[in-house]
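> coords please:
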Amino acid sequence: MTRIISGRAGGTVLDVPAKGTRPTSDRVRESLFGALESADLVEGARVLDLYAGSGALGLESLSRGAVSADLVELSAPAAALIRKNADRLRTAGVPGTARVHRANAATYAETAAAEWDLVFLDPPYDVSDTEIMRALVGVAPRLSPDAAVIVERAKRSPAPDWDAAGLEPDRHRTYGDTTLWWGRPPR
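So this is what the prediction gives:
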């Protein structure tokens, strides 16, 4: 069962697509958001959740005080579930804006006219490193100066090529089979 961990909609259960996604575990999300909140990166943030799946990362951000979340998912059934999950947050009184975009993540990152403070890339395991790099390169010029980019992959996957995307590595952390890599715009 996937749920919102904390914030205004804490405990809200989220629907998860039956196939094609790999939801971030509650344990990993709890650790991730603890680190993000201690760095003051969530409250008031404009969030981009690429490869959104169930929308758990972007919706968790909204529950914890982000002002908006663009949730990008190519699968039509998954995008419909994200809309349903976003409606649950509105019902719980979460004031932030959730916008669901049914699109290829890299194409959306390259063409969106927006600026983000917090970006999540949590692709399914079968998404190629080339596709992930395309998304990182596309999103880099649309980041606020103090933005954070979080890439979630299997620990056996290579680290993102931050230099090729024009970004700097910040840190990484492994939880079981999952590694989170943090990047940011150059200072």
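> Which neighbours in the sheet does the host helix or strand of Leu118 have, and how are they oriented?
Element membership for Leu118, per DSSP states H and E: strand 116-121. If you go by DSSP bridges, strand 116-121 pairs up with strand 46-50 (parallel), strand 143-154 (parallel).
> Can I get those strands in a markdown table including distance to Val16 and mean neighbour count?
Quick note: C-beta positions are derived from backbone N, CA and C, even for glycine. Output for these, formatted as a markdown table (distance: least, CB to CB, whole Å; neighbours: other CB atoms under 10 Å):
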| stretch | distance to Val16 | mean neighbour count |
| --- | --- | --- |
| strand 46-50 | 14 | 28 |
| strand 143-154 | 16 | 19 |
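> And for Pro185, the neighbour number?
The local packing of Pro185 (other CB atoms under 10 Å) involves 16 other residues.
> same question, Pro77
Here the count is done by other CB under 10 Å, and Pro77 has 12 residues near it.
> so who does it touch?
Applying CB atoms under 8 Å, 6 or more residues apart in numbering, one finds that Pro77 lies in contact with 17-18.
> end to end, how far does stretch 64-71 reach?
By CA to CA, to the nearest Å, the extent of stretch 64-71 from end to end equals 16 Å.
> just to revisit the earlier point, what's the next secondary structure element after the strand holding Leu118?
For strand 116-121, the following helix or strand on the C-terminal side (DSSP H and E) is helix 129-139.
> just to revisit the earlier point, any chance of the strands paired with strand 116-121 in CSV, plus distance to Gly183?
As requested, the strands paired with strand 116-121 are arranged in CSV below (distance: least, CB to CB, whole Å):
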stretch, distance to Gly183
strand 46-50, 13
strand 143-154, 4
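> Output these as JSON lines; include the columns distance to Pro185 and mean pLDDT.
As requested, the strands paired with strand 116-121 are arranged in JSON lines below (distance: least, CB to CB, whole Å; pLDDT from 0 to 100):
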{"stretch": "strand 46-50", "distance to Pro185": "14", "mean pLDDT": "98"}
{"stretch": "strand 143-154", "distance to Pro185": "5", "mean pLDDT": "96"}
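> In this structure, where's the longest helix?
Under DSSP state H, the helix in the chain containing the largest number of residues is helix 76-91.
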